[in-house]
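A.B. asks: Sharing a model prediction with you, sequence too.
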Amino acid sequence: MSDIKVRFAPSPTGYMHIGNTRTAIFNWLLAKKLGGKFMLRIDDTDKERSRKEYEDAIRESLTWLGLKWDEEARQSARVTRYQEVTARLLAAGRIYPCYETAEELDIMRKKLMTKGLPPIYDRSALKLTAEQIALYEKEGRKPHYRFKLIDGDIVWNDLIRGECRYDAAKLGDPVIIRADGSYLYHLPSVIDDFDFGITHIIRGEDHVTNTAAQIQMFEAIGGKTPVFGHLPLLTGAEGKLSKRLGSVGVLDLREQGIEAMAICSYLTKLGTSDAIEPFYDLQSLADTLDFNKLGRSQPKFSEADLAHFNTHLVRNMPYSFVADRIDSDETFWNAVRGNLTIVSDYKQWKNICRCAVTPIIEDAAFLSVAAELLPAEPWNEDTFSSWINEIKNRTNRKGKDLFHPLRKAITAMDDGPELKILLPLIGYSRVHSRLNGIAA
RNA sequence: GGUCCCAUCGUCUAAUGGUUAGGACAUCACCCUUUCACGGUGGUAAUAUGGGUUCGAAUCCCGUUGGGAUCACCA
């Protein structure tokens, strides 16, 4: 067993959407491909916004997608560990207290912006005298804490973007502890990745500057930095990384009949040079994972395309894949799958085969001839074509004029699987009655 | 505004200095199925823009334009 370990670290502040899901899938597939482990970490450092309901939904989403996790942790349970590390970094001067209020910081940022300067914290807290600090404390101000970045280039070799280089001086020291003593995500994330032995981190491109800061945190706590890979962000049809995209929830998609494997296949192939094609199990999808095939530009995600792709996947879906979900046999499935849009549409065809259907009669005379000629069971492979030939000879009809009325009478539908295949599934008695205009 | 990233058919992308600029999805046409769908075969369709470098540029360099990310006491 390799000691490869990856993690998916959602904050339970919302449902799983297309963006989240994509990073979960990539991490999971990487673990699978390298024979490593996949860890679920609940990043619930934001008490205000975290909710149990979301956490449950995330678990349900992952389970439905088939992304099983080998290990689990939650940040709210590890605060003492974070405090331990914090004390050490504080003593080492890598963490320092600040007394500005949120409003003051906001004003500072705006000032810098209007001057055309980057809105980066000026580290004035480092110049505070003991007296000034005492004054703030007396006022009742509680400090928040920042992590002090060391000047110089931060460089890493990104799995997706190649060599990345950031000048720490242009980054700004991140706040890591709030005035109320609670942690922000940066440092706990690093401590966890270190403690749990995370070797690879795949996340969205929106994290690149965080990565730069976090690399210094890994160094500060004496840990080896994991391998990073930053995925280009998905955009909506209109280019922007729209809010709509964030609202496309996986559970909603499931509700609409989108298959888990359609989501997994589509999301891992979108933005790569591979064809977007259906995969029916995650292992074979994992075998094809190759970060070199990912482009660097932002692919557009389209719900309509996904739905279309899903239909394609359903129409080629092997019976084994649906066997435990539908109450029909393989013959039936193979007969109808080519006409489905979503799996649950099979019920409609099942009803046509096994329940009463009111036929659509457009030409009663023609249909009664067809009924008259319908051979008795048992039917064999040739029954259908010889029957059709009989009708053709008797009525002089062919092509659409011949088939369409039959189809409408027998199935009450405009289209569907080949009649030849469908007929034996419906049976003589129903076919005969329907041709005569009788619901059966 | 600082920093970083990106720009090839409608869409996702290939072509790492020399190709009739390739593939996949979509679309269109045809074929098959004596019907629709499924399936098969073909077609239409692209290098944002201006300068360089070079015998030769989608490819390298600079500018322009456009798009995105980040610069939170969110993650």
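C.D. replies: Structure received. It should be emphasised that the depicted structure is a prediction, and the values quoted were computed from it without experimental measurement. Residues are numbered from 1 along each chain as shown, chains lettered A, B, ... in the order given.
A.B. asks: Residue A:247 and RNA strand B: what is the separation?
C.D. replies: 15 Å (CB to the nearest atom of the strand, to the nearest Å). Glycine gets a C-beta too; all of them are placed from N, C-alpha and C.
A.B. asks: swap in residue A:203?
C.D. replies: 9 Å.
A.B. asks: ditto for residue A:199
C.D. replies: 20 Å.
A.B. asks: Looks like that residue contacts residue A:229 (just checking).
C.D. replies: No. The criterion here is CB atoms under 8 Å, and residue A:199 misses it with residue A:229 at 11.6 Å.
A.B. asks: show me the contacts for residue A:381.
C.D. replies: For residue A:381, no contacting residues are found, by CB atoms under 8 Å, 6 or more residues apart in numbering.
A.B. asks: Tell me how far it lies from residue A:50.
C.D. replies: The gap separating residue A:381 from residue A:50 is 63 Å, by CB to CB, to the nearest Å.
A.B. asks: First-to-last residue distance for stretch A:38-54?
C.D. replies: End-to-end distance for stretch A:38-54: 20 Å, by CA to CA, to the nearest Å.
A.B. asks: Check stretch A:181-199 too.
C.D. replies: With CA to CA, one end of stretch A:181-199 sits 29 Å from the other.
A.B. asks: May I have the residues that are in contact with residue A:331?
C.D. replies: So residue A:331 contacts residue A:425 (CB under 8 Å, 6+ apart).
A.B. asks: How about the one 4 residues further on?
C.D. replies: Counting by CB under 8 Å, 6+ apart, residue A:335 makes contact with A:349, A:417, A:421-422, A:425.
A.B. asks: That one: which element?
C.D. replies: helix A:330-336 (DSSP states H and E).
A.B. asks: That helix and RNA strand B in contact?
C.D. replies: No. Using CB under 7 Å from any atom of the strand, helix A:330-336 never reaches RNA strand B; the gap is at least 9.4 Å.
A.B. asks: now that helix: how far from the chain's centre is it?
C.D. replies: Here helix A:330-336 is found 30 Å from its chain centre; the criterion is CA atoms, centre = their mean, to the nearest Å.
A.B. asks: In terms of secondary structure, what does the next helix or strand after it contact?
C.D. replies: Tracing the chain C-terminally past helix A:330-336 and defining elements by DSSP H and E, one meets helix A:346-354 next. For helix A:346-354, the packing partners by 3 or more CB pairs under 8 Å, 6 or more residues apart in numbering; DSSP states H and E come out as helix A:330-336, helix A:419-426.
A.B. asks: Make a markdown table out of those helices and add mean pLDDT and distance to residue A:132.
C.D. replies: Formatted as a markdown table, those follow (pLDDT from 0 to 100; distance: least, CB to CB, whole Å):
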| stretch | mean pLDDT | distance to residue A:132 |
| --- | --- | --- |
| helix A:330-336 | 90 | 76 |
| helix A:419-426 | 89 | 85 |
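A.B. asks: Serialize the ones you listed to CSV and add fields for distance to residue A:435.
C.D. replies: CSV is the format used below for those (distance: least, CB to CB, whole Å):
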stretch, distance to residue A:435
helix A:330-336, 20
helix A:419-426, 11
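A.B. asks: Export stretch A:400-414 to PDB, keeping only CA atoms.
C.D. replies: Taking Å, rounded to 0.1, in the frame of the first residue of the first chain, the C-alpha atoms of stretch A:400-414 are listed here in PDB:
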ATOM      1  CA  LYS A 400     -44.300   5.500 -42.700                       C
ATOM      2  CA  ASP A 401     -48.000   5.000 -43.700                       C
ATOM      3  CA  LEU A 402     -47.700   1.400 -42.800                       C
ATOM      4  CA  PHE A 403     -45.800   1.700 -39.500                       C
ATOM      5  CA  HIS A 404     -46.900   4.900 -37.900                       C
ATOM      6  CA  PRO A 405     -50.600   3.900 -37.500                       C
ATOM      7  CA  LEU A 406     -49.600   0.600 -36.100                       C
ATOM      8  CA  ARG A 407     -47.200   2.200 -33.600                       C
ATOM      9  CA  LYS A 408     -49.800   4.700 -32.500                       C
ATOM     10  CA  ALA A 409     -52.500   2.000 -32.000                       C
ATOM     11  CA  ILE A 410     -50.200  -0.400 -30.200                       C
ATOM     12  CA  THR A 411     -48.200   2.000 -28.000                       C
ATOM     13  CA  ALA A 412     -50.200   5.200 -28.200                       C
ATOM     14  CA  MET A 413     -46.800   6.900 -28.800                       C
ATOM     15  CA  ASP A 414     -45.300   8.600 -31.800                       C
END
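A.B. asks: near RNA strand B at all, that stretch?
C.D. replies: Yes. Using CB under 7 Å from any atom of the strand, stretch A:400-414 reaches RNA strand B at A:400, A:402-404, A:407, A:414.
A.B. asks: Give me the buried subset of those.
C.D. replies: A:402, A:407 (16 or more other CB atoms under 10 Å).
A.B. asks: Filter the residues of stretch A:400-414 next to RNA strand B down to the ones in strands?
C.D. replies: Of those, none are assigned to strands by DSSP state E.
A.B. asks: Go through the residues of stretch A:400-414 next to RNA strand B and name the one nearest residue A:71.
C.D. replies: residue A:414 (52.8 Å; CB to CB).
A.B. asks: which one of the contacts of residue A:335 sits closest to residue A:122?
C.D. replies: residue A:349 (69.3 Å).
A.B. asks: Can you verify my assumption that that closest one contacts residue A:339?
C.D. replies: Yes. Counting by CB under 8 Å, residue A:349 touches residue A:339, with 7.3 Å between them.
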